[in-house]
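Asks: Dropping a prediction and its sequence here:
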Amino acid sequence: MSKLEKYLAKAQEPVQRRTGTVTIDGEEWSVRELTLSENRQAYKLAEDANGRFDVFRYNDIRIVKATEHDFPWNNQELLKAYKAKDKFDLPVRLFERNPEGYQALLDKVNEVNARVKSEQEVVDELKNSSEPTEKQATSAEHS
């Protein structure tokens, strides 16, 4: 199978995303892993016209993108009720009186989207640890 055939086949495969749930005010919220393109879009949308990055807006965007499969953030009645300019303006308004709920949702978004350490990161971490490796321990015994 050529590279082209391999990636054409992959395009048709369903994407498996990590998911998690968190309960807020007695309601279960489903949170899913963001794709690379969703992460990029969130970062881009969090910049203002001058290129300054707004970390609060970034978090709100990530919350929306990670939960929009489960919650209608773009519902017009909801936007009007909370006087939100767009769906990314809703999380802070929706949880205005429940900062713990907002934080729980953000924590779950961060948890589901946490990177699993690569093999190289684990090896590097072990190399830099203060405990001697097997090779270091045996060479110390011989000196």
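Replies: Arrived safely, thanks for sending. Numbers count the residues shown, from 1 in each chain.

Asks: And residue 108, how close does it get to residue 19?
Replies: 10 Å (Cβ to Cβ, to the nearest Å). Quick note: C-beta positions are derived from backbone N, CA and C, even for glycine.

Asks: Check residue 100 too.
Replies: Taking Cβ to Cβ, one finds residue 100 at 22 Å from residue 19.

Asks: of the two, who's got more company?
Replies: Neighbours per residue, other Cβ atoms under 10 Å: of residue 100 and residue 19, the larger number sits with residue 19, 14 against 10.

Asks: ok now stretch 45-55, how far from the chain's centre?
Replies: The chain centre lies 19 Å from the centre of stretch 45-55; the measure is Cα atoms, centre = their mean, to the nearest Å.

Asks: got the CA coordinates for it in CSV?
Replies: Presented in CSV, the C-alpha positions along stretch 45-55 are these (Å, rounded to 0.1, in the frame of the first residue of the first chain):
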residue,chain,number,x,y,z
LEU,A,45,-10.1,32.8,17.7
ALA,A,46,-8.5,33.8,21.1
GLU,A,47,-6.3,36.5,19.5
ASP,A,48,-7.7,40.0,19.2
ALA,A,49,-7.2,42.3,16.1
ASN,A,50,-3.7,43.3,17.4
GLY,A,51,-2.6,39.7,17.8
ARG,A,52,-2.8,39.7,21.6
PHE,A,53,-3.8,36.4,23.1
ASP,A,54,-6.8,36.2,25.5
VAL,A,55,-6.4,33.1,27.7
